[in-house]
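1. turn this into a model:
(2 chains)
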Amino acid sequence: MTYAKNFPLLMILILFISAFIMPLMKKNIFVKGLSLFTMGISMILSIYTWIFITKNGAYFYRVGHWDAPWGIEFKIGMIEAIMAMLFTMVATLILWYSVYSVEKEVKDNKVSFYYLLVNILLGSLLGMVFSNDLFNCFVFIEVTTLASCGIIVVKDKKENIAATLKYLILSSLGSGLVLMGIAFLYDITGNLNMTYIHKEIMNVHAVYKNTLHIAAGLCTVGIGIKSAMFPLHVWLPDAHSSAPASSSAILSALVLKAPILLLIKILYGVFGFEIIREFAILNLILILGTMGMIMGSVLAIKQKEIKRVIAYSSVAQVGYIFFGIGLGNKLGLTMAIFHIIGHAVTKSALFLAAGAMIEKSGKKKLSELKGIGKEMPYTLGLFTIGALSMVGIPILPGFISKWYLSLASIDAGEFMLIGAILMSSLLNALYYFPIIVNGYFGEENLAGKIYKSNEKSIKELLPLMMLIIGMIAIGAGSNKIMDMIRIGLI
Amino acid sequence: MERLLTNYFETGSMILFGIGFVTLLLHNNLIKKIIGMNIMDTAVFLFFIAKGNIIGKEAPIIKGIHKGIEGYINPLPTALMLTGIVVAVSITAFALALTIKIYEKYGTIELDEITRMRGD
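-> You can find the predicted model right below:
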C-alpha cells in the first residue's frame, strides 16, 4: 500500500486543479456537483491516509523527489492525518448544506466563483497542515487569506466589503509579521525545513537567545492575528457575521484552526519542548488565551444579532485553544488539539443552524428571533445540542476539553486558571440559553406562531444532523481520539 | 551604534518595517494603509535578501569559468523573495479593488467615516 503515501499531495492537487475548471461550466448544478465530488474524494483519501498512518506510523513525503533541505517536504503524522480528515469531513458537510441554500445569499453568476474559492481555500488549508517547510506554509497562509476574503465579499453588500477590507489589512499585517519571523529563523539556521531548523536551533540556541525570542514573538503575534487571539480579534465579528452562512461555518470552523496548528508546529516542532518552555512567550499566550476566554464571552453577551453572538463565541473558544498551548505541558497541548476538533464540528453546526433560521425567517436580531422554536423546532433543537456542548454539558466535546484543560492547569500548577475556565463556562451559558429559552418557551413569544410552519425539509437538514451526530461521537470517543493525538505528539 | 552602522541593510529594513507598520495601523485613509502594507513587505524583502547576500561573492550565474562552490551565494533567499513579491502584489491588487468598491458604496475611503456611517 505504498501508493497511499501520495494521497496527501493528491488531495491538494485535486482541489486546486478542479477549482479552476469550475468557471468554465455553464450550469451551477454541475459546479456544485464537482465541488462536492472533489471534496468527497479528498475525504476518502484522507481516511485512507489515516488508516495508513495507524498501520505504518508517521512518514516524510518528498514533493517532486528532491531530498529534504532543498526540496519541499510534507510531514504526515497522526495529528496531520486527523486534521486532514476533520477538515475534509466538515467541509464536505458544509458544502452539502450550501448546495441547497447558496443561491439565496450569492448571486447566480457568482456561484461558480464561490465554489472555486472554497476549493482553493480547503486545498491551501490542507497544504498548511501537511507542509514541513516554513516558507511553503507562508505561501499557503497567503492563499488562505485571499480565498477567505473572497468567500466573505462574494455576497457583495456594503457591510461585507468593509468587513473584508478590515480582515484583509489585518491579515496582511499578520503575514508580514510571520514572514519577518521566518526571516529571523532562516538567518540563524540557514534552513527552511522545520526538522532541520530544529536540529540547528538545538546547537545554537544558547548563542542566539534574543533572536529566537524575537522570532517566536513575531510568529505568535502574526498567527494570533490570523486566528483571532484575544486583543487581535477585531476583524472577526464583522467578517464572520456578514458572510454567507456556509462561508461563516467554513471560516470559523476551519480557517481559524489551520494557523493555530501551524503555531503548534512552530513552537513545539521548530523550537521544541525544552527550549520553548524557557521562553516567556508561552506565558503571554496563556494570559491572552485566558483573557480571550472571558472577554470573548462578555462581549458576546452584549451583541444583538445571532450571528455576531456566535462569532464572539469563537473568540472565546479560540481562547481555550491558546490556553491549552500556553500551559506548556503535554496534556494541555493534547487538549488544545482536541478542542480544535470539537470546536470545528460544533461551531460549523451552530453557524449553519443560525443561517437556516435567518434564511427562513428573514430576521437576524435576537429580539426578533423569539418563538423561532415553534416555527423551526428541529433546527433550534440541533442548535440547542451544539450550544450545550459549548457550555460544557458532560459527554459532549466541550465538557471534555474543559475538564481536561482544568486537569492540565493543575498539572502546570496554575490553580487560579480553573476559576477562569469555570467563569467562562457560566458566561457561555448566559448568552446561549436566552436564545434557546426564548425560542421554545414563553406565552408572548409563541403567540401567533404556527407549529413547523417555517421548517426546512429533512433533506436540507441532514448535513446539519450529521455534524451534530459527529460532534456527539467525538465526545463519546474522546478517549480514543486523545490517545491518537498523544501518539502524534511524541 | 557601531553594529547598527555596519549592518546598515538590516537597520534600514527595520526602520522601514516600523514606518510601514505604523502607517498601516494609524492612518485612516485606506490608500495610505495599503501603501504602509507595501512598505512593510518591502522591508521584509530587503531584510531577507540582505541576509542572503555575502559581500565578495557572486550570484550563481556561471560566466566563463566555474569558480567552485565558495565563489557563489545561495540563490534560495532571492528566489523566495520573488515568491514573496508575487504574493504582496496580489494582496495589493485585491485590496485596491476592494477600496474602489468601498468608494462606490460609501462615497469615502476614510475608515473612521465609514465606521460612523455604519453606526457602531
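2. going by C-alpha atoms from here, please, whenever you check contacts or count neighbours.
-> OK.
3. okay, now the unreliable bits of the chain?
-> Defaulting to chain A. Within chain A, the stretches with pLDDT under 70 are A:1, A:490.
4. wrong chain, I was asking about chain B
-> Ranges of chain B meeting pLDDT under 70: B:119-120.
5. how about a cut-off of 80?
-> B:1, B:67-69, B:118-120 (pLDDT under 80).
6. would you mind listing what in it touches chain A?
-> Within chain B, the residues that sit near chain A (C-alpha under 8 Å from any C-alpha of the partner chain) are B:21, B:24, B:33-34, B:37, B:40-41, B:44, B:47-48, B:51, B:80, B:84, B:87, B:91, B:95, B:98-99, B:101-102, B:105-106.
7. inside helices: which ones of those?
-> B:21, B:24, B:33-34, B:37, B:40-41, B:44, B:47-48, B:51, B:80, B:84, B:87, B:91, B:95, B:98-99, B:101-102, B:105-106 (DSSP state H).
8. quick one: list the elements packing against whatever helix or strand A:L407 lives in.
-> Secondary-structure assignment from DSSP states H and E places A:L407 in helix A:397-411. Using 3 or more C-alpha pairs under 8 Å, 6 or more residues apart in numbering or on different chains; DSSP states H and E, the elements in contact with helix A:397-411 are helix A:306-327, helix A:330-361, helix A:377-391, helix A:416-440, helix A:458-476.
9. and with 7 Å instead?
-> helix A:330-361, helix A:377-391, helix A:416-440, helix A:458-476 (3 or more C-alpha pairs under 7 Å, 6 or more residues apart in numbering or on different chains; DSSP states H and E).
10. going by neighbour count, list what's buried in stretch A:421-429.
-> Residues A:421-422, A:424-425, A:427-429 are the ones in stretch A:421-429 that count as buried (16 or more other C-alpha atoms under 10 Å in any protein chain shown).
11. kindly report the same for stretch A:60-69.
-> A:61-62, A:68-69.
12. got phi/psi on A:S131?
-> phi -60, psi 140 (degrees, to the nearest 10).
13. could you look up the SS state of whichever residue of the stretch 251-400 of chain A sits closest to chain B?
-> Per C-alpha to the nearest C-alpha, A:Q303 is where the stretch 251-400 of chain A lies closest to chain B, at 11.4 Å. The three-state label given to A:Q303 by DSSP: H, G, I helix; E, B strand; the rest coil is coil.
14. quick check: the gap between it and A:G289.
-> Note on A:Q303: its distance to A:G289, by C-alpha to C-alpha, to the nearest Å, is 21 Å.
15. likewise A:K363?
-> When distance is defined by C-alpha to C-alpha, A:K363 is 33 Å away from A:G289.
16. higher neighbour count, those two?
-> Taking other C-alpha atoms under 10 Å in any protein chain shown, A:K363 and A:G289 do not tie; A:G289 has more neighbours (27 against 14).
17. for the residue in chain B sticking out farthest from the centre, phi and psi?
-> Of all residues in chain B, B:I65 has its C-alpha farthest from the mean position, at 35.8 Å, by C-alpha atoms, centre = their mean. Main-chain dihedrals, B:I65, degrees, to the nearest 10: phi -100, psi 150.
18. please apply the same query to A:K304.
-> A:K304 has phi and psi values of phi -110, psi -20 when expressed as degrees, to the nearest 10.
19. so who does it touch?
-> By C-alpha atoms under 7 Å, 6 or more residues apart in numbering or on different chains, the contact list for A:K304 reads A:365-366.
20. same check, this time on the one 5 residues further on
-> For A:V309, the residues meeting the contact criterion (C-alpha under 7 Å, 6+ apart) are A:300, A:303.
21. spell out the residue ranges of the strands in chain A.
-> With strands called from DSSP state E, chain A shows them at A:59-62, A:73-76.
22. possible to save those as a markdown table with distance to chain B?
-> As requested, the strands of chain A are arranged in a markdown table below (distance: least, C-alpha to the nearest C-alpha, whole Å):
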| stretch | distance to chain B |
| --- | --- |
| strand A:59-62 | 18 |
| strand A:73-76 | 16 |
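23. list the buried residues for the helix holding A:L407?
-> A:397-409.
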